[in-house]
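**Student:** take this sequence and fold it.
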Amino acid sequence: MKTIGIVVIIVGLLITIFTGLSFTRKETVLKVGDFEVEQEKEHDLSWPPLAGVGVMVAGVVILLIGKRK
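**Tutor:** Just a heads-up that it's a prediction; the model follows:
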């Protein structure tokens with residue numbers, strides 16, 4: 001339980017520090033027979049920093065429950 005709690009706290013800290021992620025994907029825009037036109041599109045994924053704080057709190061709770069047993 002202790003290891004899981006520590007890992008969850010570290011993940012929560014990373015979520016708090018890095019509040020977003022962006023990536024590029026190739027998407028087919030036009031396809032006629034064997035002819036294809038592709039375009040690279042950038043996508044953004046973001047989350048609030050409070051989500052990371054919540055994950056860290058969950059990790060602390062896991063640590064405390066593990067110590068009681």
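
**Student:** doesn't Glu38 belong to a strand?
**Tutor:** Yes: counting by DSSP: H, G, I helix; E, B strand; the rest coil, Glu38 is part of a strand.

**Student:** next up, the contacts around it.
**Tutor:** Lys26, Glu27, Thr28, Val29 (Cβ atoms under 8 Å, 6 or more residues apart in numbering). Every C-beta, even on glycine, is put in place using the N, C-alpha and C of the backbone.

**Student:** show me the shaky parts of this protein.
**Tutor:** 69 (pLDDT under 70).

**Student:** need the helices for it, in chain order.
**Tutor:** Assigned by DSSP state H, the helices in the chain fall at 2-17, 49-68.

**Student:** gap between the two ends of stretch 36-54?
**Tutor:** End-to-end distance of stretch 36-54 (Cα to Cα, to the nearest Å): 45 Å.

**Student:** burial check on Val60, number of neighbours?
**Tutor:** 13 (other Cβ atoms under 10 Å).

**Student:** OK, contacts around it?
**Tutor:** Taking Cβ under 8 Å, 6+ apart, we find Val60 in contact with Gly5, Ile9.

**Student:** measure the most centrally placed residue in the chain to Met56 for me?
**Tutor:** Computing the C-alpha centroid of the chain and ranking residues by Cα atoms, centre = their mean puts Ile15 first, at 6.8 Å. Ile15 sits at a distance of 8 Å from Met56 (criterion: Cβ to Cβ, to the nearest Å).

**Student:** possible to save the helices of the chain as CSV with distance to Asp34?
**Tutor:** Shown next, in CSV, are the helices of the chain (distance: least, Cβ to Cβ, whole Å):
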stretch, distance to Asp34
helix 2-17, 44
helix 49-68, 45
